[in-house]
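Participant: quick one, structure for this:
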Amino acid sequence: MAQSTSMADSFQPEFVSWAALLGRWMEFAQASAALPRTREGDQWRASVSPMITLQAVTFALSEMEQVDAAERMLGWDRAEMLCEEALDQLDQIWGPAAPPELIEVVEQAESALADVLARFSLVLIQSQPDVMMMPSIDLIETVGACALAAEGTPIMPGSPMAWWGDVELDHVRGLQLPGVLQLLQSPVQVWRCRDEQEQFAEDVVTDLESEFDDGLPLLVPRVLEGMPLSDPLPEPDDVTAFHDRFMKARCLPVRWDVLA
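Facilitator: Below is the predicted model:
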């Protein structure tokens, strides 16, 4: 009976979940029985499982665009943990004399981890069930780009609050963050759009090129090309009062008009 997908297709992320994708690659660790019973053979046999782990992680990270945006950060953390565990195992097996083939596999996995952070944007998402007033977020000294909502802005549930580009992940995680970090395929803007009565009626998440004539951009650039912008932001109380004056409802719908 014909199968609906090929064997190769069965390992594609669109057919399996993140966990299942890694799990199926791990099954190849069972193929070590035919290696010779020598010291080097024992080392290679012991290396099969961590090698497959690293190869599976490398493959899966190359397909991160297929993973739901809300799960990418967790997937990256899981991949980093698996890599660290595999590296510890290989170090115990080989010490400093690891063969070039193993070193290449390790370098590919490490490169894949770094590549994900380079090709995605770190975006802070409002994760509370109710409207949140934007708090103050410290700026990071070594960052290529950063945009965030002005302090005092009412932020809707599920809406972006800030984003960073060309930055160390640990530096962002070291901040007091009022939401959850997600890896999105591009930096975003949030437009607070008015209706016919000039009232704010919805928030629309877009790419940086989109514009709305009847909208107010919420995410204000604070760092561009590594240079902090010195333009002062309004006082938080003034920001809150302005939005309260024009809000059609306390909680506005959020519409995503960009590929996450």
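Participant: distance of residue 165 from residue 51?
Facilitator: 33 Å (C-beta to C-beta, to the nearest Å). The way it works is simple: take the backbone N, C-alpha and C, and place the C-beta from them, glycine included.
Participant: look at those two and report which has more neighbours.
Facilitator: Using other C-beta atoms under 10 Å, the more surrounded residue of residue 165 and residue 51 is residue 51, with 22 against 19.
Participant: domain map for the protein?
Facilitator: Using automatic domain parsing, the domain parsing of the chain gives 9-119, 121-256.
Participant: now the last one: how far from the chain's centre is it?
Facilitator: Centroid displacement of domain 121-256 relative to its chain, using C-alpha atoms, centre = their mean, to the nearest Å, is 17 Å.
Participant: do the same with the shortest one
Facilitator: Counting by C-alpha atoms, centre = their mean, domain 9-119 is centred 19 Å from the centre of its parent chain.
Participant: just the buried positions in the longest helix along the chain, please.
Facilitator: Secondary structure of the chain per DSSP state H: the longest helix is helix 69-94. Buried residues in helix 69-94, defined by neighbour count with 16 or more other C-beta atoms under 10 Å: 69, 72-73, 75-76, 78-80, 82-83, 86-87, 89-90, 93-94.
Participant: and the next element down the chain from it?
Facilitator: Toward the C-terminal end, the helix or strand that comes next after helix 69-94 (DSSP states H and E) is helix 100-119.
Participant: now the element after that following helix, going C-ward?
Facilitator: For helix 100-119, the succeeding helix or strand toward the C-terminus, using DSSP H and E, is strand 121-125.
Participant: that following strand pairs with which strands?
Facilitator: strand 160-167 (antiparallel), strand 180-184 (antiparallel) (DSSP bridges).
Participant: which one of the ones you listed is the most hemmed in?
Facilitator: strand 160-167 (a mean of 23; mean count of other C-beta atoms under 10 Å).
Participant: give me the contacts around that strand.
Facilitator: Applying C-beta atoms under 8 Å, 6 or more residues apart in numbering, the contact partners of strand 160-167 are 121-126, 134, 137, 140, 142-149, 155, 172, 178-179, 184, 187-188, 190, 205, 219, 226.
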